[in-house]
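Participant: dropping the sequence and predicted coords here.
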Amino acid sequence: MINLNKYDAVIFDMDGVLVDSEPLWKIAMHNVFLSLGSDLKKNDFQKTVGLRIDEVIYYWKNIEKWTPEVDEIEKQIVDKMIELINHQAMPLPGVLETLNYLNSKKPIALASSSPLSLIKAVLNKLKINSFFNVIHSAEQESHGKPHPAVFIGAAVKLDVRPENCLVIEDSLNGVIAGKAARMDVVSIPEKTHLVNTKMNLADFQFNNMNSFLKDLKNS
């Protein structure tokens, strides 16, 4: 059971935690990569879940030998993602209730591998801007997840010690990043990810956000 009093702040990942965007990422990447002549399938993208989008593109560009520059490919994917978010994005079950519950109890941050333009699109679509004291993107750091920089940066902006933060993550790269930042990590695996037993590196594991919220209320 989580003792919320132990923590000075709660930090949320975004994709797959707050919004059901992982399937949209697969659609956007598949569409753009297909236009580059790639035959990558959506299941292939499991290898890069949780990475910053430029790092995802670097990974596949080295394999597929694409001609366009990384930033050009990234812009196409992000533009497609924003279009999909504006039409389809919904908060995952339990997200609004959890944010409401935590809002009066702890400072809340968002620390995401997604670029800031996409973060803003999600927050605006879901109408959850007001819940977050801090918003931090890994594009503002030298490294994305599994490097801990984005979580440490969020803690700095919150003016709290990293070891006094609780992180909510859905991917293995995110869990590794949280633990490397010396934070306690809650794992709520995104349902389209392949099952990975290494997720038990997290300090707490829940099947969904509602179960996490129930635990918080009972602590």
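Facilitator: Thanks, I have the structure now.
Participant: excluding chain neighbours, what is closest to residue 76?
Facilitator: What sits nearest to residue 76 in space, not counting adjacent residues and going by Cβ to Cβ, 6 or more residues apart in numbering, is residue 32, at 4.7 Å. Any C-beta I mention is one placed from the backbone N, CA and C, and that applies to glycine too.
Participant: count of neighbours near the one you found?
Facilitator: 21 (other Cβ atoms under 10 Å).
Participant: gap between the strand or helix carrying it and the chain center?
Facilitator: For residue 32, the host element (DSSP states H and E) is helix 22-35. Using Cα atoms, centre = their mean, to the nearest Å, the mean C-alpha position of helix 22-35 is found 17 Å from that of the whole chain.
Participant: re the thing from before, now do the contacts for the residue nearest to residue 76.
Facilitator: Contacts for residue 32 (Cβ atoms under 8 Å, 6 or more residues apart in numbering) come out as 73, 76-77, 80.
Participant: nearest to residue 97 among those?
Facilitator: residue 80 (30.4 Å; Cβ to Cβ).
Participant: and the closest residue to the closest one other than its chain neighbours, what does it touch?
Facilitator: Using Cβ to Cβ, 6+ apart and skipping the chain neighbours, the partner closest in space to residue 80 is residue 28 (4.0 Å). Contact partners of residue 28, counting by Cβ under 8 Å, 6+ apart, are 77, 80-81, 84.
Participant: where does the protein dip in pLDDT?
Facilitator: Along the chain, the model assigns pLDDT under 70 to residues 192-196.
Participant: how about 50 then?
Facilitator: Nowhere does the chain drop to pLDDT under 50.
Participant: give the next helix or strand downstream of the top helix by length along it.
Facilitator: Longest helix in the chain, counting residues (DSSP state H): helix 70-88. From helix 70-88 onward toward the C-terminus, using DSSP H and E, the following helix or strand is helix 95-103.
Participant: now do that next one: everything it contacts.
Facilitator: Taking Cβ under 8 Å, 6+ apart as the rule, helix 95-103 contacts 10, 17-19, 108, 126, 128, 131, 209-210, 212-213, 216-217.
Participant: how about the closest residue to residue 205 other than its chain neighbours, phi and psi?
Facilitator: Nearest non-adjacent residue to residue 205, counting by Cβ to Cβ, 6+ apart: residue 187, 4.7 Å away. When quoted as degrees, to the nearest 10, the phi and psi of residue 187 stand at phi -100, psi 120.
Participant: what is residue 187 paired to in the beta sheet?
Facilitator: residue 169, residue 205 (DSSP bridges).
Participant: quick one: stretch 70-88 to chain centroid distance?
Facilitator: Stretch 70-88 has its average C-alpha position 16 Å from the chain's average C-alpha position, going by Cα atoms, centre = their mean.
Participant: ditto for stretch 161-173
Facilitator: On Cα atoms, centre = their mean, the centre of stretch 161-173 falls 11 Å from the chain's centre.
Participant: do stretch 183-200 as well
Facilitator: With Cα atoms, centre = their mean, you get 12 Å for stretch 183-200.
Participant: please save the CA atoms from it in CSV.
Facilitator: Extracted in CSV, the C-alpha atoms of stretch 183-200 (Å, rounded to 0.1, in the frame of the first residue of the first chain):
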residue,chain,number,x,y,z
MET,A,183,12.2,8.0,-7.2
ASP,A,184,9.6,5.5,-6.1
VAL,A,185,7.7,4.2,-9.2
VAL,A,186,4.1,3.1,-9.8
SER,A,187,3.7,0.8,-12.8
ILE,A,188,0.4,0.8,-14.7
PRO,A,189,1.2,-1.0,-17.9
GLU,A,190,-0.4,0.3,-21.1
LYS,A,191,-2.7,-2.4,-22.4
THR,A,192,-1.2,-2.6,-25.9
HIS,A,193,2.4,-3.1,-24.7
LEU,A,194,3.7,-6.6,-24.7
VAL,A,195,3.9,-8.1,-21.2
ASN,A,196,7.4,-7.5,-19.8
THR,A,197,8.3,-9.1,-16.5
LYS,A,198,11.0,-6.5,-16.0
MET,A,199,8.2,-4.0,-15.1
ASN,A,200,8.4,-5.5,-11.6
